[in-house]
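Trainee: Need a 3D model of the sequence below.
(one chain, ligands or ions: 1)
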Amino acid sequence: MRFYCPRCWRDFAEDETICPHCGLDIQEYWKSKDYVEKLIISLRHPEKETPLRAAWLLGQLKDKRAVSPLIELIQETEDVYLAREAVKALGEINTPESCRFLETLTRHRAKMVRDEVQRILSGRKGTCLTSKEKMEQP
Ligand SMILES: [Zn+2]
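Mentor: Down below sits the predicted model:
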């Protein structure tokens, strides 16, 4: 088993209290974060399964704090499976921001991601706008 620093993401064989690479107090760092914050941090974990699981859980929890980190993740990741999972999570959380972002993904380079976006958006026509914005539409 490998252990990872949640800031620099370097790995080490022992469960270190202080990261030997960047000096982060790992124990204190995790202690200071709540569950959702820990999941958001785990979106950057280098072992593939962990960010997938974190994205899924964030979608289940529907915590709005996850919206921006999920958007960033989709913009940055090369992993289409992870991008799709993050898209699903954004669909679950469903804020105006997440919805608008999903609309920009209808031309994503990966078909898998486009299909997922289509599936989410086709289920809810026009609900991206807040009710106030809807009234302002011509
Ligand atoms: Zn570190």
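Trainee: only C-alpha atoms for contact and neighbour calcs from this point on.
Mentor: OK.
Trainee: what about the most centrally placed residue in the chain, distance to residue 20?
Mentor: Among the residues of the chain, the one closest to the centroid is residue 70, at 2.7 Å (C-alpha atoms, centre = their mean). According to C-alpha to C-alpha, to the nearest Å, residue 70 and residue 20 sit 29 Å apart.
Trainee: from what I can see the residue nearest to the centre of the chain touches residue 90, true?
Mentor: Yes. Here residue 70 reaches residue 90: they are 7.1 Å apart, a contact under C-alpha atoms under 8 Å.
Trainee: Which elements pack onto whichever strand or helix holds residue 104?
Mentor: Per DSSP states H and E, residue 104 falls inside helix 96-104. Contacts defined by 3 or more C-alpha pairs under 8 Å, 6 or more residues apart in numbering; DSSP states H and E place helix 96-104 against helix 67-76, helix 80-93, helix 111-122.
Trainee: how about the residues of the chain near the ion?
Mentor: 5, 8, 19, 22 (C-alpha under 5 Å from the ion).
Trainee: Which secondary structure element of this structure has the lowest mean pLDDT?
Mentor: Lowest by mean pLDDT, DSSP states H and E among the helices and strands of the chain is helix 131-136, with a mean of 53.
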